[in-house]
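> Sequence plus predicted model, see below.
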Amino acid sequence: MIDIKFLRENPDAVKENMRKKYQEHKLHLVDDVLELDVQSRTVKQQADNLRSNRNKLSKEIGNLMKQGKRDEANAVKEEVNRQAEELKALEAQETELSAKVTEIMMQIPQIIGEEVPIGKDDSENVEIERFGEPVVPDFEVPYHTDIMERLNGIDLDSARKVAGNGFYYLMGDIARLHSAVISYARDFMIDRGFTYCVPPFMIRSNVVTGVMSFAEMDSMMYKIEGEDLYLIGTSEHSMIGKFIDTINPAESLPYTLTSYSPCFRKEKGAHGIEERGVYRIHQFEKQEMIVVCKPEDSKMWFDKLWQNTVDLFRSMDIPVRTLECCSGDLADLKVRSLDVEAWSPRQKKYFEVGSCSNLGDAQARRLKIRVADGKNKYFAHTLNNTVVAPPRMLIAFLENNLNADGSINIPVALRPYMGGKDKITVNK
């Protein structure tokens, strides 16, 4: 959510930002909120004046009573009571107008960064850099679920009976590999100075609306029936919520945290051949990294965060590339986002395995996460990035470490988490 003061002073810039994001249908919101804002401030001023006047009248009553002027005092009391009713109506109007302003402001997208390329959707994202040499082996690479099934590592049929489509049972060495990757990612981030955290896996609605847009909320979140609770779609939601309504000393920043959680997502609209198996699912586990920092440090942390993911994947012999997300592909709260994509030897192309986002002060403004720097108070900046999210990450791992005989090589970095194994072999 952008600053209402910025919108008042720069309405044309806010509209131009909407055009860059191909959201012309929202242009009217700027004029709507400016009109409501004028009404809101007018009503607030009237209420403030009335409160001030009532205070004066209350003192006047006391003076009149001391002078024995009871009738005059009673007349003033009647005026105070009349103004109390008028103030009550103004306060109700003030609350209503403020709620309408906030509702519209939460639909207006964050001002995007200067680095963001202008484009309509993810097809216009821009490749930045490649790390590692993509290789296509001289043997056929099977679909990832076929690789797992040959290793007795997945059971989709049973999961379908138990929970429906979009769920899975991981078993044996594949299940162990899944846990090994999560544990390795945890220690990788701890070694880089991040504090490990396991957060709540459910959050209240005020946190949900603080960390994401209404559109994201509708397409992602599962609501707990009869409770003011939602299952998290990523631990970022819970981790940023940790700082709700806080004033943080500038000298204590940045907060650098890495968190583990299961994640639950509706995945509305998922379809197509690459949605089969464990590519798009309703439940998965993830290691995340989040940073809460001073505004002047957020660009530096953005580069550090995506580099962490690149380094992790390269330590497991997986080629990756980075893509700068274009304006039309950015969620409304994001200033800038960069995707990390892993190489798929089977598809002979890259696919997304992580997303690094700088949200500026959007989440902090909604959740009231502030920094105290001497006498100055201002909103913090928040960032997040995927460390690793199996089982999608397992697709890249299995394809890039597959041998012709169906066995899977275990990179050196991962062997301590696999009981020293250097290979997963087909159990005939």
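Yes, it's here.
> Need the nearest residue in space to Arg176, chain neighbours excluded.
Closest residue to Arg176 apart from its sequence neighbours, by C-beta to C-beta, 6 or more residues apart in numbering: Met418 at 6.5 Å. Where C-beta positions appear, they are placed from N, C-alpha and C, glycine not excepted.
> residues touching Val426, list them.
Val426 makes contacts with Arg150, Leu151, Asp405, Gly406, Ser407, as judged by C-beta atoms under 8 Å, 6 or more residues apart in numbering.
> Repeat that for Trp306.
Shown in contact with Trp306 (C-beta under 8 Å, 6+ apart): Thr322, Leu338, Val340, Gly354, Cys356, Asn385.
> ok, now Ala163?
Shown in contact with Ala163 (C-beta under 8 Å, 6+ apart): His282.
> Wait, Asn385 touches Ser357, no?
Yes. Taking contacts as C-beta atoms under 8 Å, Asn385 lies within contact range of Ser357: 7.1 Å.
> burial count for the residue nearest to Arg176?
The tally of other residues near Met418 (other C-beta atoms under 10 Å) stands at 20.
> Read off the pLDDT value for it.
Here the pLDDT value assigned to Met418 is 97.
> which residues touch it?
Taking C-beta under 8 Å, 6+ apart, we find Met418 in contact with Asp173, Arg176, Leu177, Ala180, Ile410.
> which of those residues tops the neighbour count?
Leu177 (27 neighbours).
> returning to that earlier point: among the contacts of Val426, which pair sits farthest apart?
Taking C-beta to C-beta as the measure, the contacts of Val426 span a maximum distance of 11.6 Å, between Leu151 and Asp405.
> What is the burial count for the nearest residue to Arg321 once chain neighbours are set aside?
Leaving aside its sequence neighbours, Arg321 sits nearest to Arg130 (C-beta to C-beta, 6+ apart; 4.4 Å). Summarising burial for Arg130: neighbours were counted as other C-beta under 10 Å, giving 14.
> Kindly export the helix or strand hosting Arg130 (C-alpha atoms) in CSV.
According to DSSP states H and E, Arg130 maps onto strand 126-131. As requested, the backbone C-alpha atoms of strand 126-131 are provided in CSV (Å, rounded to 0.1, in the frame of the first residue of the first chain):
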residue,chain,number,x,y,z
VAL,A,126,14.1,-10.7,-19.0
GLU,A,127,16.9,-13.1,-18.5
ILE,A,128,19.7,-11.6,-16.5
GLU,A,129,22.4,-14.2,-16.0
ARG,A,130,23.1,-18.0,-16.3
PHE,A,131,25.1,-20.0,-13.7
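> Report all helices and strands that it contacts.
Packing partners of strand 126-131 (3 or more C-beta pairs under 8 Å, 6 or more residues apart in numbering; DSSP states H and E): helix 298-314, strand 320-324.
> Check the contacts of Trp306 and tell me the two furthest apart.
Using C-beta to C-beta, these span at most 11.4 Å, a distance reached by Thr322 and Asn385.
> thinking again about what came up before, looking at the helices and strands packed on strand 126-131, which is nearest to Gln107?
Ranking these by proximity to Gln107 (C-beta to C-beta) places helix 298-314 first, at 23.5 Å.
> Just give me how far that closest one sits from the chain centre.
In terms of C-alpha atoms, centre = their mean, to the nearest Å, the centre of helix 298-314 is found 17 Å from the chain centre.
> just to revisit the earlier point, just the buried ones from the contacts of Val426?
Using 16 or more other C-beta atoms under 10 Å as the burial test, these include Leu151, Gly406 as buried.
> just checking, which of the contacts of Val426 belong to helices?
Counting by DSSP state H, the part of those found in helices is Arg150.
> Let's have the contacts of Val426 in CSV, adding pLDDT and distance to Ile281.
Formatted as CSV, the contacts of Val426 follow (pLDDT from 0 to 100; distance: C-beta to C-beta, whole Å):
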residue, pLDDT, distance to Ile281
Arg150, 94, 20
Leu151, 95, 19
Asp405, 94, 28
Gly406, 94, 24
Ser407, 95, 25
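> right, and out of the contacts of Val426, which lies closest to Asp373?
Using C-beta to C-beta, Leu151 is the member of the contacts of Val426 that sits closest to Asp373, with 54.4 Å.
> Tell me which residues touch that closest one, please.
If a contact means C-beta under 8 Å, 6+ apart, then Leu151 has Gly172, Asp173, Ile174, Gly406, Ile408, Ile424, Val426, Asn427 as its contacts.
> and the last one, which of the three is it?
When you say that, I think you mean Asn427. coil (DSSP: H, G, I helix; E, B strand; the rest coil).
> The nearest residue to it once chain neighbours are set aside and Ile174, how far apart?
Leaving out its chain neighbours, the residue that sits closest to Asn427 by C-beta to C-beta, 6+ apart is Asn152, at 5.8 Å. From Asn152 across to Ile174, the span is 8 Å (C-beta to C-beta, to the nearest Å).
> Tell me which of these two has more neighbours.
Using other C-beta under 10 Å as the criterion, Asn152 and Ile174 rank with Ile174 on top: 22 against 13.
> Buried residues in the helix or strand hosting that one, which are they?
In the assignment (DSSP H and E), Ile174 maps to helix 172-191. For helix 172-191, burial by neighbour count (16+ other C-beta under 10 Å) applies to 173-174, 176-178, 180-186, 188-189.
> and the helix or strand just after it, what does it pack onto?
Per DSSP H and E, the first helix or strand lying C-terminal to helix 172-191 is strand 195-197. Helices and strands touching strand 195-197, by 3+ C-beta pairs under 8 Å, 6+ apart, are helix 172-191, strand 255-264.
> just checking, what packs against whichever helix or strand comes after the last one?
Using DSSP H and E, the helix or strand that follows strand 255-264 in sequence is strand 283-293. Contacting strand 283-293 under the criterion 3+ C-beta pairs under 8 Å, 6+ apart are the following elements: helix 172-191, helix 235-241, strand 255-264, helix 298-314, strand 381-388.
> where in the stretch 51-200 of the chain is pLDDT low?
Low-confidence segments of the stretch 51-200 of the chain (pLDDT under 70): none present.
> ok, which stretches of it are strands?
Along the stretch 51-200 of the chain, counting by DSSP state E, counting those that start in this stretch, strands occupy 126-131, 154-155, 169-170, 195-197.
> follow-up on the earlier one: for the helices and strands packed on strand 195-197, please prepare JSON lines with the additional fields distance to Gln67.
Formatted as JSON lines, the helices and strands packed on strand 195-197 follow (distance: least, C-beta to C-beta, whole Å):
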{"stretch": "helix 172-191", "distance to Gln67": "74"}
{"stretch": "strand 255-264", "distance to Gln67": "61"}
